[in-house]
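Trainee: Quick one, what's the 3D model for this:
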Amino acid sequence: MSDSVLSTRIALVTGASSGIGWETARLLAGLGATVLVHARTTAEAEATVARLVDAGARRDQLVELAADFTHLSEVAVLAGTVVEHYPALDLLVNNAAVLAPERCTLTDDGNEVSLQVNFLAGHLLAKLLRAPLSAAGDARIVNVSSSLHRTASMNWSDPHRVKKYSRVAAYAQSQLALTMATADMAPAGSGITAVSLNPGQCDTALLPLYGRVGAPAAEGAAAVVRLCLPDVEVVNGAYYDGGSVAPTAQVVQEERSQKRLMKLADQLVGQAA
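Mentor: From the prediction side, this is the model:
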């Protein structure tokens, strides 16, 4: 594939300091994209960019951005920085994710930590970056989800699972919410297409949740990047697995549940929006 296929594109990759996010940034840069490389701290972002350059990426294609997604105010500042410097944004890869901790842990914003980092941050970014995404004319949002979303249920009455907590259930719920929210990130007439995908079980920090041997992170990243390519047609709101559209949890297709989730998400991001 040509190393200039994405030479006019600007891509924001969240959670790019390791695993699938790092490999996605590397592959996008290799295809010529300007990559906004997000990490939790400035030091992590700088180290990530240095590693990408060592791996062959051109320094002038990489921009480091820092935001701790356990603080929604930092997500909003990140979005503001992107809007200020990039009036058109071609790609948003919502990849940042954390394992749900052993015990229920709430952020300073009052949200269960995996729900916030894995879903609410991406929801907020898609909202705050709608103008530059729309301005790009043919932008894509790619949400890195998980097959575990099919095992999940939304706990509407206790979304932070304070009363009955399970780390697997909390993580799976965060991935279900991200998958459910995908279509809403690309409303009709916005010029944006949004998809979610299962990148497969890869050898990343999330592997302990699956308890199996994982494929190299580069394999998962290749699945992500494929959905970013302009010559690969994708279906708005669809969920991909193994390169093709795959079944989702039933609730993902329920319009009433989608609207309920959007209302809940907007409430939970609160002042940051």
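
Trainee: what's the nearest residue in space to residue 31 that is not next to it in sequence in contact with, if anything?
Mentor: With Cβ to Cβ, 6 or more residues apart in numbering as the criterion, residue 31 has its nearest non-adjacent residue at 4.2 Å, and that residue is residue 6. Yep, even glycine has a C-beta here, placed from its N, CA and C like the rest. Taking Cβ atoms under 8 Å, 6 or more residues apart in numbering, we find residue 6 in contact with 28, 31, 32, 33, 90, 228, 229, 230.

Trainee: in the stretch 101-250 of the chain, which ranges drop under the pLDDT threshold?
Mentor: The stretch 101-250 of the chain contains residues with pLDDT under 70 at 147, 149-150, 200-218.

Trainee: Against residue 198, how distant is the residue of the chain most remote from its centre?
Mentor: In the chain, counting by Cα atoms, centre = their mean, residue 163 sits farthest out from the average C-alpha position, at 27.6 Å. Look at residue 163 and residue 198: by Cβ to Cβ, to the nearest Å, they are 29 Å apart.

Trainee: same thing with residue 184?
Mentor: 19 Å.

Trainee: quick one, which of the two is more surrounded?
Mentor: residue 198 (21 against 17; other Cβ atoms under 10 Å).

Trainee: from memory that one sits against residue 146, does it?
Mentor: Yes - with contacts defined as Cβ atoms under 8 Å, residue 198 counts as touching residue 146 at a distance of 5.8 Å.

Trainee: does the residue nearest to residue 31 count as helix, strand or coil?
Mentor: Here residue 6 is recorded as coil under DSSP: H, G, I helix; E, B strand; the rest coil.

Trainee: same question, residue 223
Mentor: Secondary structure, three-state DSSP: residue 223 is helix.

Trainee: mind listing what it touches?
Mentor: 197, 199, 200, 240, 242, 243.

Trainee: Filter those down to the ones in strands?
Mentor: Among these, the members found in strands (DSSP state E) are 197, 240.

Trainee: Name the nearest residue to the residue most central in space within the chain, sequence neighbours excluded.
Mentor: Among the residues of the chain, the one closest to the centroid is residue 94, at 1.4 Å (Cα atoms, centre = their mean). Excluding its sequence neighbours, the residue lying closest to residue 94 (Cβ to Cβ, 6+ apart) is residue 122, at 3.6 Å.

Trainee: Cool, thanks, signing off.
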